[in-house]
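# here's my sequence, what's the structure:
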Amino acid sequence: MLSIEQRGRRRAAGFSLLEMVVAMAILALALGALYQAASGATRNVRSDEKYAYGVELARTLLANYARVPRDGVSAGGETAGGFDWRVVTRPVDLERTALAAASLQTIAVTVRWQDGVRSREVVLDSVVEGSAQ
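Coordinates of the predicted model:
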């Protein structure tokens, strides 16, 4: 017959099946949370990359259309990466100001793209010189 002390040592010798199941469940939950965090970070990096490209494309278009014809511009297109862009200018009414002799145009540069199921857009507004071309 085993003494109480020997029975205690025998029980402490290993883990029970229930303890192992609980440990595996905790491990599975922790790994699931880690996987979600990693995939969310990857999605955010991809989304930020597209946003940065859209902003840079809009800035480039704004620089390309720094001088426009006095009657305005309406242009658009699509890049190979699926970014749609549009440039629209309109004359600024300066008749009653000290700048009446100047020819200024308001310019709106719009860049749109799909980010998964969501549609994203960047719009840059400014004023550019209208010239006789």
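# please enumerate the helices of this protein.
Counting by DSSP state H, the chain has helices at residues 4-11, 17-64.
# do you know which of those lies nearest E78?
Among the helices of the chain, the nearest to E78 by Cβ to Cβ is helix 17-64 (11.0 Å). (Each C-beta comes from the backbone N, C-alpha and C, glycine too.)
# distance from the chain centre to that closest one, please.
12 Å (Cα atoms, centre = their mean, to the nearest Å).
# other SSEs contacting it?
strand 84-91, strand 104-115, strand 118-131 (3 or more Cβ pairs under 8 Å, 6 or more residues apart in numbering; DSSP states H and E).
# returning to that earlier point: let me know which of the helices of the chain is tucked in deepest.
Among the helices of the chain, ranked by average contacts under mean count of other Cβ atoms under 10 Å, first place goes to helix 17-64 (a mean of 12).
# what angle do it and strand 84-91 make?
Relative orientation of helix 17-64 versus strand 84-91 (axes from the mean of the first three to the mean of the last three Cα atoms, to 10 degrees): 40 degrees.
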